[in-house]
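Q: Requesting a structural model of the entry that follows:
(one chain, ligands or ions: 1)
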Amino acid sequence: MKRIVFLIGFFLLSVVCNCQDFNKYFIDKTLRVNYLHIGNSDLDSISLADFYAGGRWNGTRSHLVEKNRLGDVLVEVFDSLSNVLIFSRSYSCLFNEYRTTERALLETAAFEESVNIPFPKSSVKIAFTSFDRKHKAQKLYEGYFNPETTVYKQFVKEYKTVDLHIGGSSDTCIDILFLPDGYSLDDKKLMKNDLKRFASYIMKCSPYKEYKNRVNIRAVKAYSPQSGITDPNQGVFKQTILNTSYNTIDVDRYLMCLNVWKMHDIADDAPYDMLVILANSPKYGGGGIYNFYATVNNHHTNSDYVVVHELGHLIAGLADEYYTSEVSVTDYYPEGVEPVEPNVTTLVDFDSKWKNMLDVKTPVPTPTTENYANVLGVYEGGGYVAEGVYRPWLHCTMKEIRYDAFCPVCSKALIDAFLYFSK
Ligand SMILES: [Zn+2]
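A: Predicted structure coming up:
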């Protein structure tokens, strides 16, 4: 989740392609790379599993190389012959959250991950680089894909899909895809109503509603063998299509899916840029990881807030603006380092954040008193810590349970993400 890229040497050796190069290097088809992210608190490595291909290329064609790294794993694709950088995208992952746990001090674990890239016309080099919280880079993997010689499997269409909000073609919109989990065939009506309800929570919230022509929402109608969601601490174990479970990485309300390959396998029945698992469970839970996936449970008094908050993490890489958490997050934002997330700052490089959006009369830092409510400022406390990290707004949707209250900085980051997916 850190942005400053220390790959200067890397860029000197390679050339970055221009937006008009999509047709030069790619065909209109998706290549999915499946791999295991393996390690512990010390070790970080990637082991390739397999390639899948099919469908159309649904992502951006005009922003093939990411300008600002928001995720902590950077995927880069180079033309093998010329070494031109022809595609890059970053994401964050559950594995890196696992690495911060006590368990990771003792146990090595493997987490499934996948990335979609446009299908190359000729041989490409695929590189994975990991960045720590101080933005230090570590190369994890480098390998080749040659469409003529590398073995790959084909996408297989298995499920019906349903349109929940269509703002335009998938080429000009961000495509959000709901994947229901824990809905059996007996829950057909419930699934239909829940999907409609959650899509409307998104579309009635700013800035989604103002950008309704830039957003598509669909769902895959995939039913689970059993109704409900696995909750190990309660002794509840369910057979569900995605095996979403509470107590992920030993945090009771952390409701996540470890079967990431299967998740993409089910998802590729529809165009998608962002995946949201809708879990059929009354227990509050959820999570959202930048450009990875988000989860929400279907029954909660604040479901409207939860879904747009988690989508903030997923789509725009937004930080939590609160500073109390059941998760131990010491040193999450190291001193002297500017975070990559657009909505928090340590003031180390505030110029790269919302400084140009501030009124000149607003003091920096800004007093956290209610007379500054609804004033864009620089308020101390955010990103899980009370001191040294600053947020832009007193009461944003990324800070507290407030639906439809994204601050101007978070709204702008979401809009930037919508536009990123425009052709
Ligand atoms: Zn905000």
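Q: so who does the nearest residue to Phe51 once chain neighbours are set aside touch?
A: Once flanking residues are discounted, Phe51 sits nearest to Tyr152: 3.7 Å by C-beta to C-beta, 6 or more residues apart in numbering. Using the backbone N, CA and C atoms, a C-beta is placed for each residue, glycine as well. By C-beta atoms under 8 Å, 6 or more residues apart in numbering, the residues touching Tyr152 are Leu31, Asp50, Phe51, Tyr52, Ala53, Phe145.
Q: Listing partners with orientation, what would you give for whichever helix or strand Lys125 is part of?
A: Element membership for Lys125 (DSSP states H and E) is strand 124-131. As defined by DSSP bridges, the strand partners of strand 124-131 come to strand 73-79 (antiparallel), strand 137-145 (antiparallel).
Q: tell me the most buried of those strands?
A: Among those, strand 73-79 has the highest mean neighbour count (mean count of other C-beta atoms under 10 Å), at a mean of 23.
Q: and the next element down the chain from the helix or strand harbouring Asp175?
A: Under the criterion DSSP H and E, the helix or strand holding Asp175 is strand 174-181. Counting by DSSP H and E, the next helix or strand C-terminal to strand 174-181 is helix 188-203.
Q: if we can go back for a sec, which helices and strands sit right next to the strand holding Asp175?
A: helix 188-203, strand 215-220, helix 260-267, strand 274-279, helix 303-316, helix 408-420 (3 or more C-beta pairs under 8 Å, 6 or more residues apart in numbering; DSSP states H and E).
Q: can you do 10 Å?
A: Applying 3 or more C-beta pairs under 10 Å, 6 or more residues apart in numbering; DSSP states H and E, one finds that strand 174-181 contacts strand 161-166, helix 188-203, strand 215-220, helix 260-267, strand 274-279, strand 293-297, helix 303-316, helix 408-420.
Q: Would you mind giving these as CSV with distance to Tyr91 added?
A: CSV is the format used below for the helices and strands packed on strand 174-181 (distance: least, C-beta to C-beta, whole Å):
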stretch, distance to Tyr91
strand 161-166, 23
helix 188-203, 21
strand 215-220, 20
helix 260-267, 11
strand 274-279, 11
strand 293-297, 10
helix 303-316, 10
helix 408-420, 13
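Q: among those, which is nearest Ser352?
A: helix 408-420 (12.3 Å; C-beta to C-beta).
Q: Go through stretch 214-234 and flag the buried ones.
A: Residues of stretch 214-234 classed as buried by neighbour count (16 or more other C-beta atoms under 10 Å): 214-224, 226-231.
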